[in-house]
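Colleague: predicted model follows, preceded by the sequence.
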Amino acid sequence: MWKDGRTNWDTTTAVFDYGPLNDLNSGFQVSFASRMHNGDENPSEIYYANGGELNLITNSVSPKGGLTEKMAAAMGMKANLLPEVSLMDNAPKVVSSANTGADRLTSNHMRNFMECIRSRQQTNAPVEAGYHHSIATIMTNAAVHTGSKVTFDEKTQQVMANGKPFKY
């Protein structure tokens, strides 16, 4: 962290365990790493899964890093490779009145949101997706500030650190 008065970190790695707390072998793990520093004018996001990668630098999906036949067989599983897809090819052109100066995918997202406000239709991404993303963000913040492993209590809908609800 730069020693310039900031109170949040600029480099982080978070590991999330998904699945029942009483049987971690039946769940899965997700790791998230982020670095932010001065002078980086080319931000990037790449997401990996057992099917491959979602690359938001190139706006593409590919089987890169996915579970091949050989790797799958060693674990008693089946191969799982995503097809090559260009997200830009599937994104319709944006009408200039809806363009906020962002990239085409962001503009399309905002356009979908505004159209759904007008039509009262469901958005492409439901509000629950945003809620679940915010839980992960709050959990990461709680872990950094407490130095502890944190959990999410489904029943109370609270982030728990050291057996107590996290308070910032």
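Modeller: Alright, I've got the coordinates.
Colleague: so who does the closest residue to residue 84 other than its chain neighbours touch?
Modeller: Residue nearest to residue 84 in three dimensions, not counting chain neighbours: residue 62, with 5.3 Å by Cβ to Cβ, 6 or more residues apart in numbering. Every C-beta, even on glycine, is put in place using the N, C-alpha and C of the backbone. Neighbour list for residue 62: 52, 53, 55, 82, 84, 85 [criterion: Cβ atoms under 8 Å, 6 or more residues apart in numbering].
Colleague: distance of the closest residue to the third one other than its chain neighbours from residue 132?
Modeller: With Cβ to Cβ, 6+ apart as the measure, residue 46 is the residue that lies nearest to residue 55, at 5.1 Å, once sequence neighbours are left out. When Cβ to Cβ, to the nearest Å is applied, the distance between residue 46 and residue 132 equals 21 Å.
Colleague: over to residue 160?
Modeller: Plainly put, residue 160 is 16 Å away from residue 132 if you go by Cβ to Cβ.
Colleague: these two: which is more packed in?
Modeller: Remark: of residue 160 and residue 132, residue 160 carries more neighbours, 17 against 11, as counted by other Cβ atoms under 10 Å.
Colleague: top helix in the chain by residue count?
Modeller: helix 127-146 (DSSP state H).
Colleague: for the helix or strand just after that helix, give me every contacting residue.
Modeller: Moving toward the C-terminus from helix 127-146, the next helix or strand (DSSP states H and E) is strand 150-153. Applying Cβ under 8 Å, 6+ apart, the contact partners of strand 150-153 are 21, 135, 139, 142, 143, 158, 159, 160, 161, 165, 166.
Colleague: so where's this structure shaky on pLDDT?
Modeller: Low-confidence segments of the chain (pLDDT under 70): 1-3, 8, 36-43, 89-102.
Colleague: at which residues are the helices of it located?
Modeller: Using DSSP H, helices in the chain cover 69-74, 87-90, 104-119, 127-146.
Colleague: so can I have TSV of the ones you listed showing distance to residue 10?
Modeller: What follows is the helices of the chain, written out as TSV (distance: least, Cβ to Cβ, whole Å):
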stretch	distance to residue 10
helix 69-74	34
helix 87-90	28
helix 104-119	23
helix 127-146	12
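Colleague: so which of these comes closest to residue 29?
Modeller: For the helices of the chain, proximity to residue 29 was assessed by Cβ to Cβ; helix 127-146 is nearest, at 13.0 Å.
Colleague: mind listing what's buried along that closest one?
Modeller: Buried residues in helix 127-146, counted by 16 or more other Cβ atoms under 10 Å: 138, 139, 140, 141, 142, 143.
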